[in-house]
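K.L.:
here's a sequence, model it:
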Amino acid sequence: MMRRRRGTRWLAAGLVLAVVVGACGGDDGDAEVAAAEVVEVGSDVPREPPAASVRTAPVVESDTAFAVDLYQALRADADGGNLFFSPYSITVALAMTTAGARGDTYEQLAAALGVSDADEWHAQRNALDQDLLEERHMWEGAEGLQPLELSIANSIWGQAGYPFDPAYLDLLASHYGEGLRTVDFIGAPEESRTAVNDWVGEATEGRITDLVPEGAITDLTRLVLANAIHFEANWINRFDPSTTRDGTFTTLSGDDVTVPTMAQEIRALYGEGDGWGAVRLPYAGEASMVLLVPDHGRFDDVVSGLDAATLLEVTRRPEPTGSPAAMSDHIVDLQMPRFEVASEIDLVPALERLGIVDLFRPPMGDDGADLTGITAARELFVSGAFHQANVTVDEEGTEASAATAMIISVTSAPPPATLHLDRPFVFVIQDDATGSILFIGEVTDPTAG
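P.N.:
Here you go, the predicted structure:
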């Protein structure tokens, strides 16, 4: 038996959101903090243990639907290239943002993420997160295999002295397990960026070292929300490296390339559908990789038609009752390439395609982002969202890392408007108290009298 650990070492995914307020937000948050000094402030509210009555199946289903929707949206910008990302990490970071969203901003996030009852959803997320970290049994024949490593953590970085809503911080503490770390974004934005990136680098075992790009954190930044998840595991049935040979892989464009190809004959769960075959490869420690392989010439057809229902069915294991599932036990002659995939993704276009629009627009009156659950003033919006991910698959197993930065900002005071009356114009004289129009005129030549 092994424990999935929450800690400072991760491999598979991380997500960062930075919340920024414009100069028009006033002088709050100007408390002096030494450059790059991080002060643990936190909340007095402990993380809630998952209640026995909380079911995680609904949130797994909604997460799967969002994952597929996001996958389809990201494919639109992938141009047929490789793609790798962490929907779980992205969802958790968006969930922490959703906790502070109100009005249309909340409704758009809720619709994309499948939220019907916010309180219930946050409780389900808390339970799911802790379930993922519960003790689990190693396969009985797993002698000599490394225990699966899975760690999930969140971090919250806020401007010292900024008026965060205590209820928001308490919700993050009780359901996402993290208190506030104060930094000086105003006086030391670059040092603060380094501190966040150092945390991410440690969280991803050094595989992602510059998550938040230069210039993304400025003196307008007020809050950074970060999530990281680390995954590393051995196959239960490891490939024999001596059987790995150069093989031919036909790319999406139809070109043949040579790639080191692993091979073995194993007993595994295997299934077929309309134009595809799939196999489940288990890791030591109750996790699996599911490989879905469209028939030759059917990749775009199959993948563009992939939806949550299909993915849930393909990934559902047969139950002890013998209820039917998409896969069943087979002897499989398996060949697959060793591969590494790395992606750097701007998430904003994909999230906008999913209907999350207001979140990325500066507030102006009743329009734009509404994150007044984070602070009372309506002055926050997401100005950028960046995601990096990489994965290595070889004879031993899988190592993966990912990180995402969502920079949430408001513009500084808008530049002054320019209006030069150097051409004909209309003017009105109005009584402000009653709104009555007292005079109307037009001037086409101010020299004519």
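K.L.:
for the host helix or strand of Leu351, list every residue counted as buried.
P.N.:
Applying DSSP states H and E as the criterion places Leu351 in helix 347-353. By neighbour count on 16 or more other CB atoms under 10 Å, the buried set for helix 347-353 is Leu347, Val348, Ala350, Leu351, Glu352, Arg353. (C-beta placed from N, C-alpha, C; glycine too.)
K.L.:
mind giving me the packing neighbours of the helix or strand hosting Ser343?
P.N.:
Here Ser343 is covered by strand 339-346, with elements defined by DSSP H and E. Counting contacts by 3 or more CB pairs under 8 Å, 6 or more residues apart in numbering; DSSP states H and E, strand 339-346 is packed against strand 380-393.
K.L.:
adjacent strands (with direction) for the helix or strand that comes right after the strand it packs on?
P.N.:
Sequence order places strand 397-408 as the next helix or strand after strand 380-393, per DSSP H and E. If you go by DSSP bridges, strand 397-408 pairs up with strand 13-21 (parallel), strand 221-234 (antiparallel), strand 380-393 (antiparallel).
K.L.:
which strands and helices sit next to the helix or strand where Leu292 lies?
P.N.:
Using DSSP H and E, Leu292 sits in strand 287-294. Other helices and strands packing on strand 287-294, by 3+ CB pairs under 8 Å, 6+ apart, are strand 276-283, helix 299-304, helix 308-315.
K.L.:
so what strands line up beside it?
P.N.:
Under the rule (DSSP bridges), strand 287-294 has strand 276-283 (antiparallel) as partners.
K.L.:
can you give the domain ranges for this structure?
P.N.:
If you go by automatic domain parsing, the domain ranges for the chain are 2-234+340-408, 245-337.
K.L.:
including distance to Asp366 and mean pLDDT, could the strands paired with strand 397-408 go into TSV?
P.N.:
As requested, the strands paired with strand 397-408 are exported to TSV (distance: least, CB to CB, whole Å; pLDDT from 0 to 100):
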stretch	distance to Asp366	mean pLDDT
strand 13-21	18	46
strand 221-234	22	86
strand 380-393	14	85
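K.L.:
redo those strands as a markdown table? Include mean neighbour count.
P.N.:
Output for those, formatted as a markdown table (neighbours: other CB atoms under 10 Å):
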| stretch | mean neighbour count |
| --- | --- |
| strand 13-21 | 30 |
| strand 221-234 | 28 |
| strand 380-393 | 24 |
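K.L.:
those strands into JSON lines, with extra columns for distance to Val341?
P.N.:
Formatted as JSON lines, the entries for those read as follows, by distance: least, CB to CB, whole Å:
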{"stretch": "strand 13-21", "distance to Val341": "14"}
{"stretch": "strand 221-234", "distance to Val341": "14"}
{"stretch": "strand 380-393", "distance to Val341": "5"}
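K.L.:
tell me which of these lies nearest to Asn126.
P.N.:
For Asn126, the closest of these is strand 221-234, at 13.4 Å, according to CB to CB.
K.L.:
which elements pack onto the helix or strand following the closest one?
P.N.:
The element immediately downstream of strand 221-234 (helix or strand, assigned by DSSP H and E) is strand 245-250. Based on contacts counted as 3+ CB pairs under 8 Å, 6+ apart, the elements that strand 245-250 packs against are strand 256-273, strand 328-337.
K.L.:
could you give me the average pLDDT of strand 245-250?
P.N.:
For strand 245-250, the mean per-residue pLDDT is 96.
K.L.:
quick one: strands adjacent to that strand?
P.N.:
Using DSSP bridges, strand 245-250 pairs in its sheet with strand 256-273 (antiparallel).
K.L.:
mind listing what's buried in the strand it pairs with?
P.N.:
Thr261, Met262, Gln264, Ile266, Ala268, Leu269, Tyr270, Gly271.
K.L.:
how far off helix 308-315 does the longest helix along the chain point, in degrees?
P.N.:
Ranked by residue count, the top helix of the chain under DSSP state H comes out as helix 57-75. Using axes from the mean of the first three to the mean of the last three CA atoms, to 10 degrees, the interaxial angle of helix 57-75 with respect to helix 308-315 works out to 110 degrees.
K.L.:
distance-wise, check Asp79 relative to Phe386.
P.N.:
18 Å (CB to CB, to the nearest Å).
K.L.:
check Gly305 too.
P.N.:
Taken as CB to CB, the spacing of Gly305 relative to Phe386 amounts to 29 Å.
K.L.:
Leu292 too?
P.N.:
Shown here: Leu292 relative to Phe386, a distance of 28 Å by CB to CB.
K.L.:
and what of Ala268?
P.N.:
Relative to Phe386, Ala268 is positioned 37 Å away (criterion: CB to CB).
K.L.:
please apply the same query to Thr434.
P.N.:
In terms of CB to CB, Thr434 sits 53 Å off from Phe386.
K.L.:
quick revisit: closest to Gly187 out of the buried residues of strand 256-273?
P.N.:
Within the buried residues of strand 256-273, the smallest distance to Gly187 is 52.6 Å, found for Met262 (CB to CB).
K.L.:
tell me where the stretch 51-200 of the chain has helices.
P.N.:
Read by DSSP state H, counting those that start in this stretch, the stretch 51-200 of the chain holds these helices, from start to end of the chain: 57-75, 87-98, 103-113, 118-132, 166-176, 189-203.
K.L.:
what ranges of the chain fall below the confidence cut-off?
P.N.:
Across the chain, the ranges flagged by pLDDT under 70 are 1-36, 41-42, 135-143, 317-325, 406, 410-411, 413-415, 449.
K.L.:
in it, which residue is most central in space?
P.N.:
When CA atoms, centre = their mean is applied to the chain, the residue found nearest the centroid is Ile90 (1.2 Å).
K.L.:
quick one: that residue from Leu351, how far?
P.N.:
Taken as CB to CB, the spacing of Ile90 relative to Leu351 amounts to 9 Å.
K.L.:
overlap of the contact sets of these two?
P.N.:
Shared contacts of Ile90 and Leu351 (CB atoms under 8 Å, 6 or more residues apart in numbering): Leu70.
K.L.:
rewinding a little: with the buried residues of strand 256-273 in mind, which one is nearest to Val68?
P.N.:
Within the buried residues of strand 256-273, distances to Val68 taken as CB to CB reach their minimum at Gly271, with 17.9 Å.
K.L.:
what's across from that closest one in the sheet?
P.N.:
Listed beta-bridge partners, Gly271: Ala278 (assigned using DSSP bridges).
K.L.:
just use 652 as the starting number from now, easier for me
P.N.:
Taking 652 as the first residue, the last one we looked at is Gly922.
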